[in-house]
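# quick one: sequence and predicted model below, then my questions.
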Number of protein chains: 2
Amino acid sequence: MPSDTNTSLILSERPSGPIVKGKTFSLKSSPAPTEADLKDGQVLLETLYISFDPAMRGWLDDRRSYLPPVQIGETMRALTVSRVLASKSPKFSSGTIVTAPSGIQEIAIMPDSQVEKAYDLPQGGKLTDLLGVLGSTGLTAFFGMTKIGQPKPGDTVVVSAAAGATGSVAAQIAKIAGARVVGIAGGEAKCRWLKEELGLDEALDYKAPDFKQKFKEATPKFVDVYFDNVGGEILDLAMARAAQFSRFVMCGGISQYNSEDKKGPGASFFNVITQRIKMQGFIVFDYINEYDVARKQLAQWLAEGKLKRKETVVKGGVRSAEEAFEWLFTGRNTGKLMVEVKGAEEGARL
Amino acid sequence: MPSDTNTSLILSERPSGPIVKGKTFSLKSSPAPTEADLKDGQVLLETLYISFDPAMRGWLDDRRSYLPPVQIGETMRALTVSRVLASKSPKFSSGTIVTAPSGIQEIAIMPDSQVEKAYDLPQGGKLTDLLGVLGSTGLTAFFGMTKIGQPKPGDTVVVSAAAGATGSVAAQIAKIAGARVVGIAGGEAKCRWLKEELGLDEALDYKAPDFKQKFKEATPKFVDVYFDNVGGEILDLAMARAAQFSRFVMCGGISQYNSEDKKGPGASFFNVITQRIKMQGFIVFDYINEYDVARKQLAQWLAEGKLKRKETVVKGGVRSAEEAFEWLFTGRNTGKLMVEVKGAEEGARL
């Protein structure tokens, strides 16, 4: 039974730097909407899992971007795996598992146009994969790597934040394509996972004192594809090591999201000309018409064991959302970070 | 009659910042090579005009680039229009006008593989066009704008250093393509030329105190194509005004060439992702197989009066080379900057 109360995370104040616990957001309890509140074409959703992604920090800034910023007083935007509790849409029936940008809250009313039926999970697939490897981060990795990076056998591919939800999938796709893959991550445990579990050729700890030297040593033939999730100094380093006609997949810049004094790359930027780098930014939904094909491929790799994933699930529901943001921006998660609200046990199974 | 002496400009010391008069280079007088010095496959060239281009500053830095750096003690590399004085190559006969990277000197011996017969000038064409609109800067503009920029009718195209040799051609090509073109240049005189002579829609003086505001006003629908010759702050500004899916043609970065503390773009760099910018660097000779087609098009536009050009010719031969560099990096030239050595009067006519 759904609760009578809906707990939601509300944006109270735009942060200029990092999200401030107890200040940026506030928790709100309000009577949960019910079937009686539905208008035609709407569905009532019960949140099972909420996706936590670095890009969410960008949604808090009041600047021109690919989506309008979340407004003060609004529920924080987030992707979720949810279950349909009630429906006034011919497209969804009660009990269906869906994904939707229904926000950091327990119960939501959404127009059916924004709701998507859960993709059929492959063998070994889990409900949480709908947010990870088969969800927006997996798709982001897929399109960025295949459309922009286009690694060829023998290419040197470097992926930053390689132990993250997007980076770990991007790195494995490059391996599947036959490239030599160097992953960058924070800390020994993540690096071990990248080499031993994901089979990357090299894993570099950016927190190590000799990181720059190691980066150079790991790229003796320079960098053909750089998949960037971090921006800043590591991007500059990758530009310094760029091969001629290299492709830079501009996916994210987590090192700069919380900075009040945002920086681009530095002195190595000029290599964009001398080495003829193609740097291209993208947002996953630029490729929305190709989601099905991409998911099918990702699901197949997952079933075949070619694609491995890890997830970090924060328990405790909406009330633990602020903690989840802290984990995200201090790099405590490996793989996909989620908050479990109802979770698979209580939520419906596929 | 060629002189018995060859005056050449020698690299004495690598500059860390700007070229220092009397220090970076030195003049050298040596006995001029003669026909007797030629080996099979070589030609003896007499320099008529020497091309001066911002990219030459980059050739002085000892770093990985698209060409090896000029070595200390070597004649400074430069493109020239020259006349064949004597030939031991079946490809060239005495008296032929050619272009070659024969350096800042009066007389040169070159292998025929590096020498190119002058392109047949169209009606109204001049010998100096072989270095300008029909030479490397014109070709640079052509390939950058057509291959990477790809302006469509109605696009807003911004060109920096628009009164320079490359920028002025790039801007006009965008006009020919039907785009709305905004040129950026230093000073009122250049801006007037851009609007009144070249017919650009807007010309902005980057030295004006309200430049940033004017840039914003001149790009109400944002920037679809940015052709960059300058880097630094103006690039950052263009990124701030980038339209979704815009193309950034990374051609040059004159604002950074002389800087000891080179910078990339700043806080606006992140728009590469949010606005899905494609930034691509190139070097003209990446397109060497398409030079003929490009020159034919440029020559036709020139003959039709669709392409206008200006040139700044420094008289005084090799001895005025250091002065020419000064002009180049203080923006004193409009259009193509050259040093006349023998010039059209004394050199052979086509």
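Yes, it's here.

# could you point out the helix or strand that follows the helix or strand where A:Val181 lies?
Secondary structure assignment for A:Val181, by DSSP states H and E: strand A:180-185. Using DSSP H and E, the next helix or strand after strand A:180-185 towards the C-terminus is helix A:188-192.

# please save the CA atoms from the helix or strand just after that next one in CSV.
Downstream of helix A:188-192, the next assigned helix or strand under DSSP H and E is strand A:202-205. These are the backbone C-alpha positions of strand A:202-205, laid out as CSV (Å, rounded to 0.1, in the frame of the first residue of the first chain):
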residue,chain,number,x,y,z
GLU,A,202,45.5,0.4,-17.5
ALA,A,203,43.9,2.1,-14.6
LEU,A,204,45.3,5.3,-13.2
ASP,A,205,44.6,6.8,-9.8
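
# roughly how far out does strand A:202-205 sit from the chain middle?
Averaging C-alpha positions (CA atoms, centre = their mean, to the nearest Å) puts strand A:202-205 21 Å from its chain's average.

# please identify the buried residues of stretch A:192-203?
The neighbour-count check on stretch A:192-203 (16 or more other CB atoms under 10 Å in any protein chain shown) flags A:Trp193, A:Leu194, A:Leu198, A:Leu200, A:Asp201, A:Glu202, A:Ala203 as buried. C-beta here means a position set from N, CA and C on the backbone, and glycine is covered the same way.

# quick one: end-to-end distance for that stretch.
Criterion CA to CA, to the nearest Å; first-to-last residue distance in stretch A:192-203 is 7 Å.

# who touches that stretch?
For stretch A:192-203, the surrounding residues in contact (CB atoms under 8 Å, 6 or more residues apart in numbering or on different chains) are A:162-163, A:168, A:171-172, A:175, A:180-185, A:190-191, A:218, A:308, A:310, A:334.

# immediately after the longest helix along chain A, which helix or strand?
Among all segments of chain A classified by DSSP state H, the helix with the greatest residue count is helix A:291-304. Once helix A:291-304 ends, the next helix or strand along the chain (criterion: DSSP H and E) is strand A:311-314.

# would you mark the buried spots in that following strand?
A:Glu311, A:Thr312, A:Val314.

# run the chain-centre distance for it.
Relative to the centre of its chain, strand A:311-314 is centred 13 Å away, using CA atoms, centre = their mean.

# so what strands line up beside that strand?
strand A:336-340 (parallel) (DSSP bridges).

# pull the CA atoms of the partner strand into CSV?
Only the C-alpha atoms of strand A:336-340 are listed here, as CSV (Å, rounded to 0.1, in the frame of the first residue of the first chain):
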residue,chain,number,x,y,z
LYS,A,336,25.7,3.6,-10.7
LEU,A,337,24.5,5.6,-7.6
MET,A,338,20.9,5.2,-6.7
VAL,A,339,18.6,5.8,-3.8
GLU,A,340,16.2,3.0,-3.0
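
# how near is A:Gly125 to A:Gly135?
11 Å (CB to CB, to the nearest Å).

# equivalent analysis for A:Pro151, please.
Relative to A:Gly135, A:Pro151 is positioned 23 Å away (CB to CB).

# helix or strand: which one has the spatially most central residue of chain A?
Geometric centre of chain A, nearest residue: A:Thr137, 3.9 Å, by CA atoms, centre = their mean. Following DSSP H and E, one finds A:Thr137 within helix A:136-143.

# so where's chain A shaky on pLDDT?
A:1-2, A:344-350 (pLDDT under 70).

# mind listing the helices for chain A?
Counting by DSSP H, the helices of chain A are A:55-58, A:136-143, A:165-176, A:188-192, A:211-218, A:232-240, A:254-257, A:271-274, A:291-304, A:321-329, A:343-346.

# residues from the stretch 201-350 of chain A in reach of chain B?
Within the stretch 201-350 of chain A, the positions near chain B by CB under 8 Å from any CB of the partner chain are A:231, A:236, A:244, A:250-253, A:256, A:261-283, A:286.

# who has more neighbours, A:Gly125 and A:Gly135?
Neighbours were counted for A:Gly125 and for A:Gly135 using other CB atoms under 10 Å in any protein chain shown; A:Gly135 has more, 27 against 17.

# need the contact list for the closest residue to the residue nearest to the centre of chain A other than its chain neighbours.
Using CB to CB, 6 or more residues apart in numbering or on different chains and skipping the chain neighbours, the partner closest in space to A:Thr137 is A:Ala165 (3.8 Å). Residues counted as contacts of A:Ala165 (CB under 8 Å, 6+ apart) are A:Asp53, A:Gly132, A:Thr137, A:Gly138, A:Arg309, A:Gly335, A:Lys336, A:Leu337.
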